[in-house]
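A.B. asks: need a 3D model of the following:
(4 chains)
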Amino acid sequence: MRSFRSSAHGAILIALTLVLAACGSGVGDDDGDSGSDGNGGGEPIASQMILGGPPECPERPFCLPGLEETYGLEFESFQPLDVGGPQTVNALRNGRIDIGLLFSTSSAIVANDFVVLEDDQGLQQAENITPVVREEVLDDTIQSSLDAVSAALTTDNITELNGRVEIDGEDPGDVAADFIESEGIAPDGSGSGDLTVGAVAFAENQIVAEMYAQVLEEAGYSVDRQIDLRSREILYPAIESGEVDIAPEYVGTLVLFLDPEAEGGSDPEAIRSELEPLLQEDGIALLESSEANDTNAFAVTQETADEFGISSLSDLADPAE
Amino acid sequence: MIVAQVEGAPFIQWSWVADRTDVVLAKLLEHVQLTVIAVVIGLIISFPLALWAYRHKKVYPPITVFTGLLYTIPSLALFALLVPYTGLSLETALIGLVSYTLLILVRNIVAGLDGVPADTKEAALGLGFTKRQLLWRVELPLALPVILAGIRVATVTTIGLVTVAAFIGKGGLGYFILLGFDRLFPTALLLGSVLSMAFAVVVDGLLVWTERLVTPWSRSRKLVTT
Amino acid sequence: METINQIFDFLTDPANYEGPMGIPTRFYEHFLMSFQSLALGTLIALPVGLYIGHRRRFEFLAISVGNLGRALPSFGIVALVYVFAYDLPGDIGFWPTFIALTLLAIPPIMLNTFVGIKEVDRDTIEAARGMGMTGREILQRIEVPLAAPLILGGIRTAAVQVVATATLGAFTGWGGLGAYIRDGFAVRNFGIVGAGAVMVALFAMTTELLFAGVQRVVSPRLSSQRPRWKGFRSPIGPEGDVVYESAGSGR
Amino acid sequence: MSDVAISLRHVSKRFSQNGGPAAVGDLTLDMRRGETVVLVGPSGCGKTTTMKMINRLVEPSSGTIEVDGTDILKQNPVELRRHIGYVIQSIGLLPHRTVRDNMATVPKLVGWKEGRVEQRIDELVEIFELDRELLERYPAELSGGQRQRVGVARALAVDPPVMLMDEPFGAVDPIVRERLQDQFLHIQEELRKTIVFVTHDIDEAIKMADRIAILNKGGVVEQYAPPEEILREPANNFVKQFVGVERGLKRLALTNVSEIEVEEGPVVTSGTSSEDALKEMERFDFHWTAVVDEGELKGWVDVPSVKRVRTVSEVEPRPFSAYVTEQSTLREALDSIVTSRTHVAVVAIEGQRYKGILTLERISREILS
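C.D. replies: Predicted structure coming up:
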């Protein structure tokens, strides 16, 4: 018995030593080459950079695969973070990642004076914010109400709204209400029945979803919200299965999501003509697009930009001096 | 700099909470609803299972291994794996939550029944109790304290797990935790965590109180000497 | 059940076994994180539990920490710690996950240690004191060995909880096996989610069985507890769980 | 045969299928109505198993058992048990029910009306001299002795003709056990139940039994007879060895003073003259004589004190340090013979009315007969 008792004490002592060793390594293996060492001569800049973005980035045509095909870029590693939200912004700010995927309309870019690398080879598509609605529930009132919202949305005003949520910490619901009031958006006609508005959990998507919901509530519908979903991969099937009726979408990424071989391009009308039949197959209608265009933007800090002297995505392919 | 936390703003923005008391109430209701239904269904499933295991000892190991396996699957994964089948619905959350209660409930019911002293059972049989009467009038009442302890642990665990269901939109107070997490917004996070913890402590206290109420004999009052 | 095939394919595809996102790396990350946080949690909770149990002071602290610890939603802890600790140096999400898991490990260990020491039979202690043993010797030679099964039960409960909750760490940007669940869920590939789940479940199961074995080795002759169930001792779940309220031993 | 309450014919019980030794081999035993039969023997002799076969808590492997003439295998076992009282050493009171509910258990099982149940509980409180205040208490709050009395009362609740008792007083301390045994004997005299009483304590067997069945391993009946007969003529070595030494003393404990005739002893009255008193003492060759006035025992006087006076009345008679009554046992008489200076046990009814004396020879003659 003696041996077991002492072994119990022994176990605790071993644990002590291991923790101390590990704590050291925990901090130690912060090999975060915050991009400033710039020693690799001849190697493309990108190969020394860590890209941060949503977990679905490695699978999305406009993200890692797109960067590889269109710009021939290979990154040192990919760090999964949130969907262009605070995690990505903070990781960029404190150097955990060198280049992060944000939304062009995100207020954090201006707030942290990040530099958006120009998409000089047009990887990004036109991403006009457009409501999609299940045909089963679609009626004139819903059509006209959501069109009214789309008509009022512009890239500038949505960016300003994003700032109020991301920086000032306001609630998407409140921000949407102010916007509807200030723009005088009102539903024409009335309707009844239950509707569910869905959105992916990032500021802009939630704000626009709240706009749709509140306008429809004014028109008499009772609207349930599912605006915490983690990605389009969860939201879209929920629309197909009828758990969600309406959701704000981005035409460019949506068409590539439905058909990776789609043309896409920067002309919204061209994308819409490709997108509508695809949505038809799933019983989903594509309403009028808004003027607000929120493309993906790959941003770096000002220091990184100055240090590597880069201003566009293709610059990343050049060898670092 | 915490993005959503503006310098100078109080740590907990009570106004934010005050504005959405209706949402808080709705989410608390959803949390209570999910917890109660999950534990009740858990009991409905585990009770017969436990009785079966208690009567046929050889069945107990497979039941515990199976319910044990369910218990070790991370809650988020289980919710996620159910989504393609039952969608983002209450059923998905409930199936996940119920499967976590089974191990604790089955084990405690069996342990409670196992704890009933053999001589009491023999005396009861000797007096003329049928097997069924023995179970409902002697074995179960005496096993009650341990069973209630199991229900307490299962309920408190379930209250914690409900919050994880926020990832599929059915997380009760977990909605605020996820919201606070997504937006680095402490007020919402604290609201969600503290409220669900308070709910757990209240339920725990309530169940302790019912345990006292329901088993007056378990506390031996002053021993009467002749 | 094509999800099961997807899981099988993912687990058998050699490509998933290389690189920083590979299974071995993430398994090791998960193990290291769990072990470190459990060890630190034990280092903090054990001495406190021993002190409170031995000295019988601040008992309320151990009990409330134990019960509140059970009531705290683990997702809540991870999120809370993240919001305050995300800016700390080191890998993204390392410190938030590590601190959260350590906090999670403390309550069960402290409570079980406290109850284990407190429930050592008083007469044995009297006898030891009668033989002239010092407080320290009593603690070392009698209280700890007798309380060992319950203490190990607490560490075991903590271990399983840490291993399971470490998966949530993935959402703070950290790796571990939870990353498969996060990434799979994001792209709706339930094969990856399932694979992650299976690996975590296996990890938790082996942890449970490991501790159950150690507990059984330490406890056969020591433990005054009546064995819960003759024959098969179910190895899974909060076996060492102690439901304790100050009014009296709720065990 | 009609007065046979319980009859066991070639009853056996084999627990292990693979031909191990039978717990009870081939037991045949009859128990008369109202008789207390004690099954006694070393552990493993199958006494408890035999008893449990009577209410089918243990199913007999073979043989027939009849209670009140009906074969128990033909009856529904639960129904059977409800009409056979059952008391075990650890009593097994239902801990989650009050004393009242415990006692009301069987009456409610057989469907008595509320009023009848209450009335029966009052009777039982009467018979067992229980403190009414106990009725609302839980078993955990009772002392061992109280729990035991409630246990027996509960078993008698529906006034069953037959009662099975498995070492019922084993768990209490000797003093309380003594009291419980006496009380139970007293109640048995009133109720005259047929009782099967199992114990490993031969003294308890001798005290409680009308007839004792001394069993050996495998339920073999070594002797089945009343206690006196077993003490007087142990059937074989096993019984002799089992009953143990002091058989004589144990027999004495069984017979009362009233059962044997008392001897004449020297008696004088206060008025007797000293010479007559001396002559009386000489006649019995005693150095003292009892002084009895109109049957009232005053005490005793001895030769020297009488010599100095003319009549007995002038001497202050000294009280007898010990005396026995008709209810005392011969063992108590022997005890007072040995302890008193007069080396004789004076027999006086209610301690006053003189009956006679008992000498050592008289008692030993009784043992040898």
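A.B. asks: ok, and what's touching stretch B:99-111?
C.D. replies: Stretch B:99-111 is contacted from outside by B:38-39, B:42-43, B:45-47, B:49-51, B:53-54, B:60, B:63-64, B:67-68, B:70-71, B:73, B:75, B:78, B:143, B:146-147, B:149-151, B:153-154, B:157-158, B:161, C:228-229, C:234, C:236-238, using Cβ atoms under 8 Å, 6 or more residues apart in numbering or on different chains. In this view, the C-beta of every residue, glycine as well, is placed from N, C-alpha and C.
A.B. asks: could you rerun that using 7 Å?
C.D. replies: B:38-39, B:42-43, B:45-47, B:49-50, B:53-54, B:60, B:63-64, B:67-68, B:70-71, B:75, B:78, B:143, B:146-147, B:149-151, B:153-154, B:157-158, B:161, C:228-229, C:234, C:236-238 (Cβ atoms under 7 Å, 6 or more residues apart in numbering or on different chains).
A.B. asks: can you turn the buried part of those residues into a ChimeraX selection?
C.D. replies: Burial among these is assessed by 16 or more other Cβ atoms under 10 Å in any protein chain shown; the matching ChimeraX selection reads:
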select /B:38,39,42,43,45,46,49,50,53,54,60,63,64,67,68,70,71,75,78,143,146,147,149,150,151,153,154,157,158,161 /C:229,234,236,237,238
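A.B. asks: now for residue C:125, how many residues are close by?
C.D. replies: 18 (other Cβ atoms under 10 Å in any protein chain shown).
A.B. asks: mind telling me what element it is part of?
C.D. replies: Assessed by DSSP states H and E, residue C:125 sits inside helix C:122-130.
A.B. asks: residue A:75 contacts residue A:44, correct?
C.D. replies: No - if you go by Cβ atoms under 7 Å, residue A:75 and residue A:44 don't touch, sitting 9.8 Å apart.
A.B. asks: name the residue in the two with the higher neighbour count.
C.D. replies: For residue A:75 versus residue A:44, neighbours defined as other Cβ under 10 Å are more numerous around residue A:75 (21 against 18).
A.B. asks: which SS class is that one?
C.D. replies: Look at residue A:75: counting by DSSP: H, G, I helix; E, B strand; the rest coil, its state is coil.
A.B. asks: and it, how far from residue D:346?
C.D. replies: 120 Å (Cβ to Cβ, to the nearest Å).
A.B. asks: circling back: narrow the contacts of stretch B:99-111 to those in helices?
C.D. replies: Within those, residues falling in helices by DSSP state H are B:38-39, B:42-43, B:45-47, B:49-50, B:53-54, B:60, B:63-64, B:67-68, B:70-71, B:75, B:78, B:143, B:146-147, B:149-151, B:153-154, B:157-158, B:161.
A.B. asks: what residue in chain B comes nearest to chain C?
C.D. replies: Residue nearest to chain C within chain B: residue B:68 (2.6 Å; Cβ to the nearest Cβ).
A.B. asks: spit out the contact partners of the residue most central in space within chain B.
C.D. replies: Chain B has residue B:155 as the residue nearest its centroid, 1.8 Å off, counting by Cα atoms, centre = their mean. Listed by Cβ under 7 Å, 6+ apart, the contact set of residue B:155 reads B:35, B:39, B:203, B:207.
A.B. asks: pLDDT of stretch C:146-159, averaged?
C.D. replies: Stretch C:146-159 shows a mean pLDDT of 88.
A.B. asks: how about that stretch and chain B, touching?
C.D. replies: No - using Cβ under 7 Å from any Cβ of the partner chain, stretch C:146-159 stays clear of chain B, with a minimum separation of 10.6 Å.
A.B. asks: for that stretch, the distance to its chain's centre please.
C.D. replies: Offset of stretch C:146-159 from its chain centre (Cα atoms, centre = their mean, to the nearest Å): 9 Å.
A.B. asks: what about that stretch, near chain A?
C.D. replies: Yes - with Cβ under 7 Å from any Cβ as the measure, stretch C:146-159 is seen reaching chain A through residue C:148.
A.B. asks: may I see the buried residues of stretch D:28-43?
C.D. replies: D:29, D:30, D:31, D:35, D:36, D:37, D:38, D:39, D:40, D:41.
A.B. asks: what does the stretch 101-250 of chain C have sitting close to chain A?
C.D. replies: Counting by Cβ under 7 Å from any Cβ, the residues of the stretch 101-250 of chain C near chain A are C:145, C:148, C:173, C:179, C:182-183, C:185-188, C:217-218, C:221.
A.B. asks: which non-adjacent residue is nearest residue 112?
C.D. replies: Here I'm looking at chain A. Spatial nearest neighbour of residue A:112, excluding adjacent residues (Cβ to Cβ, 6 or more residues apart in numbering or on different chains): residue A:93 at 5.7 Å.
A.B. asks: I was after chain C.
C.D. replies: residue C:154 (2.7 Å).
A.B. asks: just residue D:188 next, same as before
C.D. replies: Closest to residue D:188 by Cβ to Cβ, 6+ apart is residue D:36, at 6.2 Å.
A.B. asks: also residue D:180?
C.D. replies: Using Cβ to Cβ, 6+ apart, the closest residue to residue D:180 is residue D:169 (5.0 Å).
A.B. asks: same check, this time on residue A:190
C.D. replies: residue A:220 is the one closest to residue A:190 (Cβ to Cβ, 6+ apart), at 4.4 Å.
A.B. asks: hang on, residue A:94 packs against residue C:89?
C.D. replies: No - checked against Cβ under 7 Å, the pair residue A:94 and residue C:89 is beyond contact range at 8.5 Å.
A.B. asks: of those two, which one has the most company?
C.D. replies: residue A:94 (17 against 13).
A.B. asks: quick one, phi/psi of the closest residue to the more buried one other than its chain neighbours?
C.D. replies: Leaving aside its chain neighbours, residue A:94 sits nearest to residue C:87 (6.3 Å; criterion: Cβ to Cβ, 6+ apart). In terms of degrees, to the nearest 10, the main-chain angles of residue C:87 are phi -90, psi 0.
A.B. asks: from the stretch 1-150 of chain D, which residue is nearest to chain C?
C.D. replies: For the stretch 1-150 of chain D, Cβ to the nearest Cβ, closest residue to chain C: residue D:140, 14.4 Å.
A.B. asks: list the contacts of stretch C:52-63.
C.D. replies: C:49, C:110, C:111, C:113, C:114, C:116, C:117, C:118, C:139, C:143, C:244, C:246.
A.B. asks: please produce a markdown table containing the residues you listed, extended by pLDDT and distance to residue D:297.
C.D. replies: Formatted as a markdown table, the contacts of stretch C:52-63 follow (pLDDT from 0 to 100; distance: Cβ to Cβ, whole Å):
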| residue | pLDDT | distance to residue D:297 |
| --- | --- | --- |
| C:49 | 92 | 78 |
| C:110 | 92 | 80 |
| C:111 | 90 | 77 |
| C:113 | 91 | 77 |
| C:114 | 91 | 74 |
| C:116 | 88 | 72 |
| C:117 | 88 | 72 |
| C:118 | 85 | 69 |
| C:139 | 83 | 74 |
| C:143 | 85 | 71 |
| C:244 | 39 | 72 |
| C:246 | 30 | 70 |
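A.B. asks: which of the residues you listed fall within helices?
C.D. replies: Short answer: those in helices (DSSP H) are C:49, C:110, C:111, C:113, C:114, C:116, C:117, C:118.
A.B. asks: can you give me the pLDDT of residue D:112?
C.D. replies: 91.
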